[in-house]
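A.B. asks: coords please:
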Amino acid sequence: MRIQFLLEYLLVMSLTVNIAMAEELERLFMDTIERAKLNTLRSQPLTPTVEEQMKKFLPDPPRYITFRGAVIREDGSTVVWISDGHRIYPPNTLYQPSFSVKLFNTLENQPTLLITLPKGNKKRWLKLGQTLDTKSDQVVEKLQQVN
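C.D. replies: Numbers count the residues shown, from 1 in each chain. Have a look, this model is predicted:
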């Protein structure tokens with residue numbers, strides 16, 4: 001008998017607490033017209049961000065990006081040489097509209113280059129002498145034929 005009374009008491013208390021909490025929360029909509037407005041807003045496609053819109057206007061990266069060399073000075077400044085198969089970019093041309101590069105020096109004094117292609121949201125690592133084929137998205141070793 002006591003257990004049944006205790007269970008009924010707990011049930012009544014939980015219902016009153018839930019009703020009180022529900023009254024504190026406001027409704028998302030008051031009538032069917034507001035609900036219809038919310039549904040139409042939710043059904044519309046999301047507007048693209050500024051970054052997504054700008055990626056449409058970025059030029060395509062060069063077909064090949066080759067890590068030609070790097071010098072890391074004692075003061076920490078660096079010089080990086082990269083080429084696209086037709087020309088060598090001036091030293092430290094670390095940002096192009098179609099790609100950017102960042103030099104890392106590993107513990108073995110083996111410089112590696114991080115190439116970021118913003119159009120496809122891709123990041124690739126190159127060792128000295130390697131070539132990135134941006135069309136096939138493959139890293140080609142320096143002894144392999146590129147064409």
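
A.B. asks: can we go C-alpha only for contacts and neighbour counts from here?
C.D. replies: OK.

A.B. asks: can you pull out the helices in this protein?
C.D. replies: In the chain, helices defined by DSSP state H lie at 2-24, 32-43, 50-57, listed in chain order.

A.B. asks: Lowest average confidence across those helices, which one?
C.D. replies: When these are ranked by mean pLDDT, helix 2-24 comes last with a mean of 65.

A.B. asks: Who's the closest spatial neighbour of Leu58, skipping the chain neighbours?
C.D. replies: Sequence neighbours aside, Ser98 is the residue nearest to Leu58 in space, at 6.1 Å (criterion: CA to CA, 6 or more residues apart in numbering).

A.B. asks: How many residues are close by the one you found?
C.D. replies: By the criterion of other CA atoms under 10 Å, Ser98 has 16 neighbours.

A.B. asks: Isn't it up against Pro61?
C.D. replies: Yes - Ser98 is within contact range of Pro61, at 4.7 Å (criterion: CA atoms under 8 Å).

A.B. asks: Now the common contact residues for these two.
C.D. replies: Leu117 (CA atoms under 8 Å, 6 or more residues apart in numbering).

A.B. asks: Next, the buried residues of the longest strand along the chain.
C.D. replies: The residue-count maximum for a strand in the chain (DSSP state E) belongs to strand 64-72. In terms of neighbour count (16 or more other CA atoms under 10 Å), strand 64-72 has its buried residues at Tyr64, Ile65, Thr66, Phe67, Arg68, Gly69, Ala70.

A.B. asks: Next up, the contacts around Lys55.
C.D. replies: By CA under 8 Å, 6+ apart, the neighbours of Lys55 are Pro118, Lys119.

A.B. asks: Next one: the residue positioned nearest the centre of the chain from Glu34, what distance?
C.D. replies: The C-alpha lying nearest the average C-alpha coordinate of the chain belongs to Asn121 (CA atoms, centre = their mean; 6.3 Å). Taking CA to CA, to the nearest Å as the measure, Asn121 falls 39 Å from Glu34.
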